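# missing the sequence, but the structure's below:
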């Protein structure tokens, strides 16, 4: 793996970790007010992967995601104010207020869309990589997926094609152990490693701690360098854990699909708190710097929500526009 990030990159990683966490917690806090009328799948606890993407990929690289996409959208450089407006269903939203939380897009940032269909954007990401290969750019297509998407047939078809054509595509699997409320043990044979499945198809693979943002950054940096050099597809399996319910703003340990002990063990490995403590110990940041960073993020988030709440809803006729691509 690459050496650990320098002080500047380490501080950038902390910024993105804290910003994503703050946004998701504010969505959770405000969601019960009833003004966000779409389902939300939050990434509290899983911020490290998107934070590493934020400092690894270039703006001209492209990315797609699934239903738990807020962090990925922000990590790829998506517009925070436009994302919040989208969740509120406003005309200023990144999808014109018609997509909601699970259907985000920002072409200017290279975020080419997310979808509620599990595995639905995997072939889209591979198609983007095919276009890159044909035009000879050194761009990378990044596909975010969860462990549940491994059980969709389109994953195997897409990965096989990507390997066959040696496409510049990075599969980033956030393995959070659950597909909705069903654990891996009830969906996959005992002892199976998801990364090994991808390796058997021919991808270059690596596995790591998805809660350690420096380790994720290192794995991603190596994979991206290899991809730009023409290595063909890479598959990263990153172990992480969502804190909140599958869909919604609350905690759900009481319903019995996971234990409180398991939850507490993962919470003790909080990617945000652990990285911040590490940087303080190294002398890269101090308490005053953390306070300023938190204040700046709080201000940005407050402005984004204020703008979303003040923005207009789409005109009724907008429901009939942008339904299909033009000729």
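Done, it's in. Since the structure is predicted, the reported quantities are computational estimates derived from the model, not experimental observations.

# shaky segments in the protein?
The chain contains residues with pLDDT under 70 at 326-327.

# so the nearest residue in space to residue 146 that is not next to it in sequence is in which element?
In this structure, residue 146 finds its nearest non-sequential neighbour in residue 174, 5.5 Å apart by Cβ to Cβ, 6 or more residues apart in numbering. Where you see a C-beta, it was placed from the backbone N, CA and C, and this is true even at glycine. Assigning secondary structure by DSSP states H and E places residue 174 in strand 169-175.

# tell me which strands and helices that strand is in contact with?
helix 47-54, helix 122-135, strand 141-146, helix 194-201, helix 213-228, strand 234-239 (3 or more Cβ pairs under 8 Å, 6 or more residues apart in numbering; DSSP states H and E).

# who does the next helix or strand after that strand pair up with?
Using DSSP H and E, the helix or strand that follows strand 169-175 towards the C-terminus is strand 178-179. Partners of strand 178-179 in the sheet, by DSSP bridges, are strand 182-183 (antiparallel).

# distance between the partner strand and the chain's centre?
20 Å (Cα atoms, centre = their mean, to the nearest Å).

# now the helices for the stretch 201-327 of the chain?
Per DSSP state H, counting those that start in this stretch, the stretch 201-327 of the chain carries helices over the ranges 213-228, 260-267, 271-282, 287-310.

# how about the third one: buried residues?
Okay, so that is helix 271-282. Within helix 271-282, the residues scored as buried using 16 or more other Cβ atoms under 10 Å are 271-272, 274-276, 278-279.

# so who does residue 94 touch?
73, 78-79, 82-83, 85-86, 104-106 (Cβ atoms under 8 Å, 6 or more residues apart in numbering).

# And the helices and strands packed on strand 169-175: which comes nearest residue 116?
Nearest to residue 116, of all the helices and strands packed on strand 169-175, is strand 141-146, at 12.7 Å by Cβ to Cβ.

# in what helix or strand does the most centrally placed residue in the chain lie?
Centroid-nearest residue in the chain: residue 72, 2.9 Å away (criterion: Cα atoms, centre = their mean). Here residue 72, judged by DSSP H and E, is contained in helix 70-75.

# after that helix comes which helix or strand?
Going down the chain from helix 70-75, the next helix or strand is helix 80-87, by DSSP H and E.

# neighbouring contacts of that following helix?
Residues from elsewhere that reach helix 80-87, judged by Cβ under 8 Å, 6+ apart: 23, 27, 36, 38, 40, 70, 73-74, 91-95, 97, 99-101, 104, 106, 300-301, 303-305, 307-308, 311.

# filter those residues to the buried ones?
Buried subset of those (neighbour count, 16+ other Cβ under 10 Å): 23, 27, 36, 40, 70, 73-74, 92-95, 97, 99-101, 104, 106, 301, 304-305, 307-308, 311.

# now stretch 290-305, how far from the chain's geometric center?
Put simply, stretch 290-305 sits 21 Å off its chain's centre (Cα atoms, centre = their mean).

# who touches that stretch?
Residues outside stretch 290-305 that contact it (Cβ under 8 Å, 6+ apart) are 14-15, 18-19, 22-23, 26, 30, 80-81, 83-84, 276, 280.
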